[in-house]
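**Student:** what follows is a predicted protein model with its sequence.
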Amino acid sequence: MSLNALQENASRLGMRIQESFSEHTRDLNIGKYSSATFFDTAEDKVKNIRKQLDSSQDRDKLEGMKRLIAMISKGRDVSEFFAQVVKNVASHNLEIRKLVYIYLLRYAEHEPDLALLSINTFQKDLTDSNPLIRAMALRVLSGIKVPMVGSIVALGIKKCAADPSPYVRKAAALAIPKLYSLDPSHLTVLEPVLLGLLRDRSPVSIGCVAEAFSAVCPQRLDLLHPHYRRLCRVLVDVDEWGQVSLMNLLLRYARQMLPKPQMLEDCNGKEDIDPDIRLLLSSAEPLFQSRNPAVVLSVCRTHYSLSGPQYLPRIISSLLRLTHAAPSSEVERVVLFYLVFIAQEAPTLLAPYHTRFYIRSRDLPQTKHAKMKILSLLIASENVQSLIREFTEYASDIDDKLVADSIHAIGQCAHMAPESTQQCLTALKTFIQSDHDVVVSNGVLVLKSLVQFQLSNRSAAALPSPSKAPFHIIEHLAYKVDEVRHPRARACILWLVGQYAGRSDTSVNPVLSVEGVVDWAPDVLRKMAKCFPQESSIVKLQTVTLAAKLLVLNPTHNTLGLLSRYVFSLAKFDLDYDVRDRSRVLHTLLTGIAPALRAVANGEEYLEEQGGVVLRREQVKAILFDGKMGPLEDESTIVEQDFLGSSSVILGKELPGDRHLPDWIEQGVDPTLRDTEEDNAPPLPAHTPRAIQNIAVPSRGGSPVILTPGGIASPAGSFVQRDKFYNDEEDEEEETDDDDDEEESDNDNEGNQTTQGVGGQESASHTDSSTADSEGEDEDDDVEDNDGSFYDSHSRQLHTILQ
């Protein structure tokens, strides 16, 4: 045979072996038929799926269904194969039916008409021997969003609610909210079914039952009276997500049906808590250590809403654990908002842990803002120095909102810890020199609030230096007005200049000075009048106010009169009606005391007809200067809610799905409504074995019994009468042999072989043989006698040991 023929035959043999191996290992997920191949979404593979689903071989159908489920997991729409999949819903292969049900759960809502073709199969599967098939059949049946099948779904739910499998009962509980949302008229049918599921003793289904109860009849909490205590006890055995639903339901019940805890007098802040509330708190307390963050947050909400401040340290420790052990950054963000809420209520409890909230560069923007809120709430004299350093560092971040929050937090440090005011002012003056507009504008806003705070509390210890320090800050800001471009910051500077323009008696330049006005104030008015048309409305309003304040301080100064007249003329024809109205009001007030304005007013028609009382200078000055707080700062506020777990705490606004807790009632419902036979049943007596009952326990204290393992020497003095013990044992065994000889029958041949003086092991074997041969003559009595002698002998032996 030639070499080419050998090579060809070897090649054919190798290909045949490879095909045979692939065919036999197809179900073992080896080689090219591994699970990873089902994620191959090539066009030729997709086109072959329809052919595989129509095949008569279960192997091809299974491969096609696996490929479809893999495509669904990748987010691809495979609804075009719905007709081919529905035809396999009655397949005898269990694996195929499971995959078909998974597919139908995904697309039954989108193709309800085609799903109705298989409704008879779904009803038949409700009686299948496999509980998984029964549960999935009900899930698909309840997923068909067609109102005409509501009655069929209700019958299926009623049937599965009495199923012996807890998994099927769980599916029935999940189907109840679906049917109720499809057709609320079935509520009268669903309520008895729901009450029957509430009596379920299995923790597998009780969590879904609680969720169904909250969705179908959330106001019928009176139905929970006989089940409340049992649900509290079974809480720790429910699955994780079921624990969340069950705790929320029990929390709402406690708030509406149980009395509100009252503070006890002269008891160091302790509360008088109802026993049923205490039962819920004690049942939920082990769940603080749950691995599911949702469960931990639900426990924290339950304890916070039902108990007093004594549980806050426990809640805080659990939330702090989640911030470092959170499986994702989103979980950390939610936990931080919970801590923001608690920091508003009890900042002193969180203050020792302020270092845990330092911002990291890898944190999400929402996480950074939440941490900044917490740090702002935890400012105290003990940590103010470290927090100021942190806030100064955050001012260089790329997030403008974080920069603004950090600068405002520095100003808050000066308010909360007055001894740090000088350090805060130094940092804020540094920010004004920055090239970043956000840093400069927010620095000006905070400086304005600090100056107001210091000048309004001259007698307090807030001033780190003589009272002229705030005026130096205002003067510094006045010279920087051209460099500040933020409208609100410019408005703050103008308000400060006008409000405190008459507080200085000294003048640097007597030639250019105005009597009663600081030197730098008229120059600021000149700069603002020059660019008045280009300014924003808020800056124009403060410019008009500045002109009026400077003019009332010195009404006779010619230059001030001309500047003020020019500003009022520009404001009179401004596009913003607020600017026009303020200009007219201030112009009218000043007309009676300012000659420059009066000269202009004589030519105005609307001024000729005005009458009334002309105010004096002191009255106008009181109107413009006294009790003025300046423009309000745009500071973000924290939403306050009555309980943890609200969406508004995280999102800042209320959502339609939020379930608010009901208000406490002063006197709860009658506690006997929650009494059951299980609560009143007496405890079962402890069963004591017969052998233990026959053991005589000495009444007086003696030497302790030491149990020594074999092969180890006994302690000295523990068995002092060892010889007497073995001699007594031989005498007892001989007496037992004599009793057995009197009772044994004439046919007992082996009993004569017993001799006296044998060891303990031969006597024991003889006792067993004699017992076996006397089965025909009162076997039960013999066994009882032998058992009694056995226990009596060992009782005497133990008594000897104890002595």
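**Tutor:** Nice, thanks for sending it over.
**Student:** which strands or helices does the strand or helix carrying residue 620 pack on?
**Tutor:** Residue 620 belongs to helix 617-625 when assigned by DSSP states H and E. On a contact count with 3 or more CB pairs under 8 Å, 6 or more residues apart in numbering; DSSP states H and E, helix 617-625 meets helix 537-553, helix 577-591. Where you see a C-beta, it was placed from the backbone N, CA and C, and this is true even at glycine.
**Student:** redo the ones you listed as JSON lines? Include mean neighbour count.
**Tutor:** Below are the helices and strands packed on helix 617-625 laid out as JSON lines (neighbours: other CB atoms under 10 Å):
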{"stretch": "helix 537-553", "mean neighbour count": "24"}
{"stretch": "helix 577-591", "mean neighbour count": "18"}
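**Student:** quick one, strands of the chain?
**Tutor:** With DSSP state E as the criterion, the chain has strands at 262-263, 271-272.
**Student:** highest average neighbour count across those?
**Tutor:** strand 271-272 (a mean of 13; mean count of other CB atoms under 10 Å).
**Student:** what strands flank that strand, and is each parallel or antiparallel?
**Tutor:** strand 262-263 (antiparallel) (DSSP bridges).
**Student:** distance of residue 235 from residue 307?
**Tutor:** 16 Å (CB to CB, to the nearest Å).
**Student:** ok, residue 166 next?
**Tutor:** From residue 166 to residue 307 the distance is 33 Å (CB to CB).
**Student:** neighbour count winner among the two?
**Tutor:** residue 307 (19 against 16; other CB atoms under 10 Å).
**Student:** what residues are up against the residue lying closest to that one once chain neighbours are set aside?
**Tutor:** Of all residues not flanking residue 307 in the chain, residue 281 sits nearest, at 6.1 Å (CB to CB, 6 or more residues apart in numbering). Contacts were defined as CB atoms under 8 Å, 6 or more residues apart in numbering; by that measure residue 281 touches 273, 302, 303, 306, 307, 311.
**Student:** so for the most centrally placed residue in the chain, what's the pLDDT?
**Tutor:** In the chain, the residue lying closest to the centroid (CA atoms, centre = their mean) is residue 297, at 3.7 Å. At residue 297, the pLDDT value in this model is 92.
**Student:** any idea how far it is from residue 377?
**Tutor:** Applying CB to CB to residue 297 and residue 377 gives a distance of 20 Å.
**Student:** one more: residue 98?
**Tutor:** From residue 98 to residue 377 the distance is 53 Å (CB to CB).
**Student:** when those two are compared, which one has more neighbours?
**Tutor:** residue 377 (22 against 17).
**Student:** chain neighbours aside, what residue packs nearest to the more buried one?
**Tutor:** Closest to residue 377 by CB to CB, 6+ apart is residue 343, at 4.2 Å.
**Student:** wait, that neighbour touches residue 374, no?
**Tutor:** Yes - using CB atoms under 8 Å, residue 343 is in contact with residue 374, at 5.2 Å.
**Student:** show me the contacts for the nearest residue to residue 215 once chain neighbours are set aside.
**Tutor:** Nearest residue to residue 215 in three dimensions, chain neighbours excluded: residue 177, at 4.0 Å (CB to CB, 6+ apart). With contacts defined as CB under 8 Å, 6+ apart, residue 177 is in contact with 211, 212, 215, 216.
**Student:** which of these are buried?
**Tutor:** By neighbour count, with 16 or more other CB atoms under 10 Å, the contacts of residue 177 hold 211, 212, 216 as buried.
**Student:** burial of the closest residue to the first one other than its chain neighbours, as a residue count?
**Tutor:** Which is residue 211. With CB to CB, 6+ apart as the criterion, residue 211 has its nearest non-adjacent residue at 4.1 Å, and that residue is residue 245. By other CB under 10 Å, the residues close to residue 245 number 22.
**Student:** same deal with residue 357?
**Tutor:** Counted with other CB under 10 Å, residue 357 comes out at 23.
**Student:** residue 350 versus that one, what's the distance?
**Tutor:** 8 Å.
**Student:** which residues do these two both contact?
**Tutor:** Contacts common to residue 357 and residue 350, judged by CB under 8 Å, 6+ apart, are 339, 374, 378.
**Student:** out of these, who's nearest residue 523?
**Tutor:** residue 378 (43.0 Å; CB to CB).
**Student:** now do that closest one: how many residues are near it, please.
**Tutor:** Residue 378: 21 neighbours (other CB under 10 Å).
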